[in-house]
Each structure stands twice: as C-alpha cells, then as structure tokens.
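K.L.:
Kindly return the folded structure for what I paste below:
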Amino acid sequence: MQNESKRAGGKPSKWYFNLTTQVLVAMCLGALAGWLFPQIGAVLKPFAELFIKMVKMVIGPLVFLMVVAGISGMGDLKKVGRVGVKAVIYFEVVTTVALVIGLVAGNLFHPGSHMSPPTPTESQRAVVEKFSGIAKEHSVLEFFLNIVPDNVFGAFVHADVLQIMFFAVLFGAAILAIGEKGRKIEETIDRLSAALFGVIAIVIRYAPIAAFSAMAFTVGAFGLSSLGSLALLVLSTYVAMAFFVFVVLGVVARLYGFRLLKFLSYIKEEILIMLSTSNSESVLPRLMEKIRSSGAPSRSSRWSCLPGTPSIRTALPFTTSEYLVGSRHEI
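P.N.:
From the prediction side, this is the model:
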C-alpha cells in the first residue's frame, strides 16, 4: 500500500497536513463551536451538505467508468460472469448476516424504549400515507423493470446507480465484443477515470470543513442534552457494526489471507469522514481509489465492489433504527 502521508516530492508531510488529523480536529472544534455558539452552528448545515453534493456529483460517472473498465479489461465474458456471480452471492450472504446482526442488536438494546411517542400532526399522517401507498404500488416485477432506464442520460441526471450499472455492463460487454476496435475506447475510459480521480482528490480536501460544519450543526441545532435520547441507538448501531467488521469480515479476511486491521488503518481517513458527515457515499469514490492503488486486481476490484455496497452499508443502521421508530410511534 502506498503511503499517502508523503508529498509529491517524496518527503513526509507535516502531521497537520494529514487528512485524518484535520478531520479529527475539525470534528472537535465543530462540536465546541456548536456548544458555545448554537445559533451560528445551526446555520452551518449547508456547508456539510455541499460536500455530500459534490461527492454525489461524481458517483454516477465513477460507477459507469469503473464498471466499463473492469468488464472490458478482463478480455473474456465468461470470466466476467464468474466474477460477477461470486460478487453477487457474497454480497447477498453478507447483507443477510448484517441484517440479522442488526435485529439482534435492536432486541438486546431496545433503542427508543424510554421515549414517549408524540402525537402526529395531520401533515405527518399525510406524508406517511403517501409513502405507504407508493410502497404498495411497487411490485417485485416493477423493481426489476425499473433497473432498465427509459433514457441513459436520465439515469445519470437522477443518479440512479442501478440503472447506470445496467447500461455500463452492456457498454462494457459491447467493447469486449468488438475486439481490437474497442482498445481505443478502453484507453479513453482509463484516461477519463484518471481525470475523475483527480476531481475527487480536489473535492476530498473540503472534508475537514464539512466535518466541522456537520458537528457544529448537530450540536448547535439539537444541543448536547437532546442527543442523550439517541445515545442508545448510536451505541447499539456501533456495537453491531464493530461485531460485523471484526467478527464477520474478520472471518472472511482470515479465509482469504487478508489482513483486516492493516486495511482498516489504511482507510482510517475515510472512516472518520463517514462518521463526521453521517454519509457513507461521501467516501465511496476515494475508497475505490485506495482499493485500486492497494495492489488489488485492478480490473475486477473496480466493479465487483459496487453492486452490494449500498445494501451492506445500510443494513445495520436501518435495522437498529427500526426499533427507535417503532418505540417512538408505538408501531
């Protein structure tokens, strides 16, 4: 793995230039600013949202380029199929395990059990009825039909990752099918990927400001005392996540001779950014870049890490949050 604490000239950078240090200091200063100046902290939310929007801006093109490059670079559709099937099975099994762990954690900690349910307003009832109606209208068949975009550009406009991936798989397969004629397209895809990672490197430097703003807004808007009722939810979620990472992924890593702790240390900056912004999408592009530069097989790792990441990263928080919502609204 490359040492990112070095500058372009090869000399080690000062500790205060390290992104991990900057994000940690920004989180502490943000919490302090929100506590001392709550009115100022409460209006800093747009600065955190700006960072998330900038990251989401590149996710669609990144998914497309990585999937196309991964498929076209393998040179064999049968090999693509084998890797794809293995990736889908792995993510399906691991996501199911994550859901079970989340349910067990919710049953053990019972987040929200000490909260008194508020009386819902008419507008809140209308919103619930609206979304429940939408959920009933969508069948499994409609879900699969919606994977195919009505318009390719519309998939990018609406940042629909499944639709983008569907088109990317077809595009990558087409490049493989045309043989040598697709080499120039593949080289162009690689150049565009390099340029896109350059954009990500620029955006990620804004992370300390986003971390400061997110913490200041959270503390300024809700206060330290008001967050106490949510502490049990956070605790149960983090305990479940720790069990999942160190036990479940630890077993997987041991089976394949993979050093999990070393990898977690390698992505510590991304972990801090995710925790401070409460958004895992904010680190996905940078995480993919690190995986690519860590020595993993570049072609397969480019796209096999994409299909299941949304389901895995939301399985644990969603299941533990269900207990909080159920207790709060007496469901």
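
K.L.:
now the helices for the stretch 51-200 of the chain?
P.N.:
Here the stretch 51-200 of the chain has its helices, by DSSP state H, counting those that start in this stretch, at 77-109, 122-137, 140-145, 152-157, 161-177, 183-204.

K.L.:
rank those by pLDDT, which is bottom?
P.N.:
Among those, helix 122-137 has the lowest mean pLDDT, at a mean of 66.

K.L.:
Buried ones in stretch 258-268, by neighbour count?
P.N.:
266-267 (16 or more other CB atoms under 10 Å). All C-beta atoms are positioned from the backbone trio N, CA, C, and that covers glycine.

K.L.:
Distance to Val247 for the helices of the stretch 51-200 of the chain - can I get that in JSON lines?
P.N.:
Shown next, in JSON lines, are those (distance: least, CB to CB, whole Å):
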{"stretch": "helix 77-109", "distance to Val247": "9"}
{"stretch": "helix 122-137", "distance to Val247": "33"}
{"stretch": "helix 140-145", "distance to Val247": "32"}
{"stretch": "helix 152-157", "distance to Val247": "37"}
{"stretch": "helix 161-177", "distance to Val247": "29"}
{"stretch": "helix 183-204", "distance to Val247": "30"}
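
K.L.:
of all those, which lies closest to Val251?
P.N.:
Closest of these to Val251 is helix 77-109, at 10.2 Å (criterion: CB to CB).

K.L.:
Which strands and helices lie in contact with that closest one?
P.N.:
In this structure, helix 77-109 packs against helix 45-74, helix 161-177, helix 231-243, helix 298-304, helix 309-328, with contacts taken as 3 or more CB pairs under 8 Å, 6 or more residues apart in numbering; DSSP states H and E.

K.L.:
Which of those helices comes out lowest on mean pLDDT?
P.N.:
Across those, helix 298-304 gives the lowest mean pLDDT, at a mean of 55.

K.L.:
Can you tell me what sits against stretch 255-269?
P.N.:
With CB atoms under 8 Å, 6 or more residues apart in numbering as the test, stretch 255-269 has contacts from 1, 19-20, 23, 245-246, 249-250, 252-254, 271, 286-287, 290, 294.

K.L.:
export the host helix or strand of Ala211 as PDB, just CAs?
P.N.:
For Ala211, the host element (DSSP states H and E) is helix 207-226. Below are the C-alpha coordinates for helix 207-226, written out as PDB (Å, rounded to 0.1, in the frame of the first residue of the first chain):
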ATOM      1  CA  ALA A 207     -13.700  17.200   4.000                       C
ATOM      2  CA  PRO A 208     -12.400  19.000   7.200                       C
ATOM      3  CA  ILE A 209     -14.700  22.000   6.600                       C
ATOM      4  CA  ALA A 210     -17.700  19.600   6.100                       C
ATOM      5  CA  ALA A 211     -16.800  17.700   9.300                       C
ATOM      6  CA  PHE A 212     -16.600  21.000  11.200                       C
ATOM      7  CA  SER A 213     -19.900  22.200   9.800                       C
ATOM      8  CA  ALA A 214     -21.700  18.900  10.400                       C
ATOM      9  CA  MET A 215     -20.700  18.600  14.000                       C
ATOM     10  CA  ALA A 216     -21.400  22.300  14.700                       C
ATOM     11  CA  PHE A 217     -24.900  22.000  13.200                       C
ATOM     12  CA  THR A 218     -25.700  18.800  15.100                       C
ATOM     13  CA  VAL A 219     -24.700  20.200  18.500                       C
ATOM     14  CA  GLY A 220     -26.000  23.700  17.700                       C
ATOM     15  CA  ALA A 221     -29.400  22.600  16.400                       C
ATOM     16  CA  PHE A 222     -30.200  19.900  18.900                       C
ATOM     17  CA  GLY A 223     -27.900  20.500  21.800                       C
ATOM     18  CA  LEU A 224     -25.800  18.100  23.800                       C
ATOM     19  CA  SER A 225     -28.600  17.100  26.200                       C
ATOM     20  CA  SER A 226     -31.100  16.500  23.500                       C
END
